[in-house]
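Peer 1: Sharing a model that was predicted from the sequence below.
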Amino acid sequence: MAGTPVQVTGTVLTTRRVDAYHALTVVAPAIADRFRPGHFVTLAVGGPQTSMLTRRAFAVHDVKPDYGGTVEFVFAVRGPGTAWLAERKARDALDLVGPLGRPFPLPRDPASCLLVGAEYGSAPLFALADALQQRNCRVDFVLGAASSDRVFGALRARRMGETTTLTTQDGSLGMRGSVVDVLAAVIADTRADVVYACGPMPMLRGVTAVCVEYGIPVQVSVEEAMACGIGVCMTCVVPVIDDDGTTQMVRVCTEGPVFRGERVRFDDVGTIPFDALGAPGGDRGR
Amino acid sequence: MAVDMRAYLAHVELPNPILAAAGCAGTGRELAPFADVTRLGALTTRSITMAPRAGRPTPRMAETPSGMLNAVGLQGPGVEVFLARELPWLAERGARTVVSIGGGSVAEYAALARRLADAPGVTAVEINLSCPNVEDRGRVFARDGGAAAEVVASVRAAMRYDVPVVAKLAPDVADVVAIARACVDSGADALAMINTPIGMSIDVDTMRPALAAGTGGLSGPAIRPLAVRCVWQVHAALPGVPLIGMGGVTSGRDALELVLAGACAVAVGTTLFHDPYACPRILRELEELLAERGFDRLADAVGLAHRPAHRNDLEESPL
């Protein structure tokens, strides 16, 4: 059944450095078969006797049919868990669970799609671009980061996209500034019908604000710290407005990671909004 | 040779002793793709509250050595949604369900028990006593034998006689045996231990607490020795009371350790975050370990560590 997550022991096929990031390709046919763009995987880190109990979640960058099916993901070394992952070599075994989360919804009819990524958040956008192009959608990219070595996938974006706009905070590549700064101009130039965005929370917030101003739909893939990735630990919640207009604390791993941007209350991430369902004090009237 | 793995919570028979711990198996639906929920000894729900609860702000989780801190704040949809959507799903599949309940006052626990009394599919009720008592300036029930006893008595009175009431105890109390005794004296049919002790972690990069709530419950293998100690002490004092042992169980060996200390059933918690297939694996490992040691029945191993290793009354005395 497509979409049902599985736990597998995958073998590392290749490891590579991509500028400031690491990319690992793991043979995991059961996950590759079920993959849709936007899905993520979680990994156990530290080996069988590990003292690191929480799984690390990564967006799937690419799946390929080699060896029955491989999954590639991109990460930056941020702590002991990712440092352990960066030391993996070909033929090492990795414990993966996936594919997890709700994938990107795709437009029914051909549309002009603008894909926006910051830092290595752009990793899942290329599989999405593939799927969109198969549906005869126009695909444009805006990629950005702090510096040129942190812009992920610029070359591939240039190959795939109708246009590609790059930004860096230090001006070492493309335009100086952030992806949000150039977004309005690119939306106008490409006549975008829909925007897809992946990256850190402040960037998603900025992208959503621009899209709301232009009145175009925006799908954001949210990053939030999680322990399990399968919906049991309840640690990765963000305030999201549901169809009835009620704010609920929903799990990024299960209800997301892809949300309609305007539904996510970015300003209130990290808090329990007072009007959220079940917020403290909310039941005092009863 | 197959080992008889049946476990008993008071008069209720479970086909095996491996439970999913409260708050670690979601509603059962999340775990279902990985492990058949009907093959668990029982599934313990997250703590159900009267009203919907949004929980605590994020970050709610911090990884610590061989453990993690969490401050989720009992997020959940409330008892009505639980009875309408979550419990029936488990009951339809024939899963044995231990319903964990949490409240801010004795009256709230009693109201929850009354609401659950007629619900089909409740195998047992577990009282999460690690909730702040709003009538006692937020002191948790589990730290106060009197308050804990009051909650247990009110839940026991409201629940159907044939549904066991389990009191879940915290380890970070002055005298866990005293609290255990107070709960049993006021009607608890079984005890579950341990809930998470309170811990804290500070992010030295941001120089602020790692959790939005400041403190959180510590779980994982880091607390297993605490669990073994509590089960040991309570089993020694109250040998006839069924105990559900939990705290950092990751393998059959860990489960056997708690069984030997006196637990007749073992719950798996944080390990499910790491390995959603853990329960069937731990059950298989436990059964193999018991068989290797020559046991026919799990029950024969319960509390075995309390017996002296060497019996000199069987030896011939030179005198």
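Peer 2: Right, received. Where do you want to start?
Peer 1: Once you drop chain neighbours, what's closest to residue 213?
Peer 2: No chain in the question, so chain A it is. Excluding the flanking residues, the one nearest residue A:213 by Cβ to Cβ, 6 or more residues apart in numbering or on different chains is residue A:184, at 7.6 Å. For every residue, glycine as well, the C-beta is placed using N, CA and C.
Peer 1: right idea, wrong chain: chain B
Peer 2: Distances taken as Cβ to Cβ, 6+ apart put residue B:71 closest to residue B:213, at 3.7 Å, once the chain neighbours are dropped.
Peer 1: give the contact list for that neighbour.
Peer 2: Taking Cβ atoms under 8 Å, 6 or more residues apart in numbering or on different chains, we find residue B:71 in contact with B:56, B:60-61, B:211-217.
Peer 1: Likewise for residue B:303?
Peer 2: By Cβ under 8 Å, 6+ apart, the contact list for residue B:303 reads B:235, B:239, B:260-262.
Peer 1: again with residue A:60
Peer 2: Residue A:60 makes contact with A:35, A:39-41, A:71-73, A:98-99, A:124, A:127, according to Cβ under 8 Å, 6+ apart.
Peer 1: so it sits in a helix?
Peer 2: No: under DSSP: H, G, I helix; E, B strand; the rest coil, residue A:60 falls outside any helix and is assigned strand.
Peer 1: just to revisit the earlier point, looking at neighbours, which among the contacts of residue B:71 is most surrounded?
Peer 2: residue B:216 (28 neighbours; other Cβ atoms under 10 Å in any protein chain shown).
Peer 1: quick one: contacts of the helix or strand containing that residue?
Peer 2: In this assignment (DSSP states H and E), residue B:216 forms part of strand B:215-219. Strand B:215-219 is contacted from outside by B:60-62, B:64, B:67-71, B:130, B:195-201, B:209, B:247-248, B:269-270, using Cβ under 8 Å, 6+ apart.
Peer 1: Could I get the buried residue list for the strand or helix carrying the residue nearest to residue A:213?
Peer 2: Assigned by DSSP H and E, residue A:184 belongs to helix A:179-190. The neighbour-count check on helix A:179-190 (16 or more other Cβ atoms under 10 Å in any protein chain shown) flags A:179-183, A:186-187, A:190 as buried.
Peer 1: Ramachandran coordinates for the residue nearest to the spatial centre of chain B?
Peer 2: Centroid-nearest residue in chain B, with Cα atoms, centre = their mean: residue B:192, separated by 4.5 Å. Main-chain torsions, residue B:192, degrees, to the nearest 10: phi -120, psi 130.
Peer 1: Let me know how buried residue 264 is, in neighbour terms.
Peer 2: No chain in the question, so chain A it is. Neighbourhood size, residue A:264 [other Cβ under 10 Å]: 24.
Peer 1: That was the other one, I meant chain B.
Peer 2: Residues near residue B:264, counting by other Cβ under 10 Å: 24.
Peer 1: Who's the closest spatial neighbour of residue A:167, skipping the chain neighbours?
Peer 2: Leaving out its chain neighbours, residue A:167 is closest to residue A:144 (Cβ to Cβ, 6+ apart), at 3.7 Å.
Peer 1: Residue A:254 too?
Peer 2: Leaving aside its chain neighbours, residue A:254 sits nearest to residue A:231 (3.6 Å; criterion: Cβ to Cβ, 6+ apart).
Peer 1: quick revisit: return the subset of the contacts of residue A:60 lying in strands.
Peer 2: Judged by DSSP state E, the contacts of residue A:60 include A:40-41, A:71-73, A:98-99 as members of strands.
Peer 1: Distance to residue A:155 added to those residues, as CSV?
Peer 2: Shown next, in CSV, are those (distance: Cβ to Cβ, whole Å):
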residue, distance to residue A:155
A:40, 23
A:41, 24
A:71, 21
A:72, 16
A:73, 18
A:98, 26
A:99, 26
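Peer 1: how close does residue A:266 sit to chain B?
Peer 2: For residue A:266, the distance to chain B (Cβ to the nearest Cβ, to the nearest Å) stands at 13 Å.
Peer 1: Give me the phi and psi for that residue.
Peer 2: phi -60, psi -40.
Peer 1: if I pick it, what's in contact with it?
Peer 2: Contact analysis of residue A:266 by Cβ under 8 Å, 6+ apart lists A:201, A:204-205, A:208.
Peer 1: contacts with chain B among these, please.
Peer 2: Among the contacts of residue A:266, proximity to chain B is found for none (Cβ under 8 Å from any Cβ of the partner chain).
Peer 1: out of these, which one sits closest to residue B:289?
Peer 2: Nearest to residue B:289 among the contacts of residue A:266 is residue A:201, at 46.4 Å by Cβ to Cβ.
Peer 1: For that closest one, list the residues it contacts.
Peer 2: Contacts of residue A:201 by Cβ under 8 Å, 6+ apart are A:222-224, A:266, A:269.
Peer 1: 6 Å instead, please
Peer 2: Shown in contact with residue A:201 (Cβ atoms under 6 Å, 6 or more residues apart in numbering or on different chains): residue A:269.
Peer 1: on that earlier part again, double-check the residue nearest to the centre of chain B against residue B:169; I have them as touching.
Peer 2: No: contact criterion Cβ atoms under 6 Å: residue B:192 and residue B:169 do not qualify, at 7.1 Å.
Peer 1: which residues of the stretch 51-200 of chain B fall in strands?
Peer 2: Taking DSSP state E, counting those that start in this stretch as the test, the strands found in the stretch 51-200 of chain B are B:61-64, B:67-70, B:97-101, B:124-128, B:132-133, B:139-140, B:165-169, B:190-193, B:198-200.
Peer 1: by contact count, what packs against the third one?
Peer 2: Okay, so that is strand B:97-101. If contacts are counted by 3 or more Cβ pairs under 6 Å, 6 or more residues apart in numbering or on different chains; DSSP states H and E, strand B:97-101 sits against strand B:42-44, strand B:124-128.
Peer 1: Any chance you could list what contacts the shortest one?
Peer 2: For strand B:42-44, the surrounding residues in contact (Cβ under 6 Å, 6+ apart) are B:14, B:19-22, B:25, B:28, B:37, B:95-98, B:100, B:123, B:126.
Peer 1: Just give me the longest helix of chain A.
Peer 2: Scanning chain A for the longest helix, with DSSP state H as the assignment, gives helix A:201-214.
Peer 1: No more questions from me, cheers.
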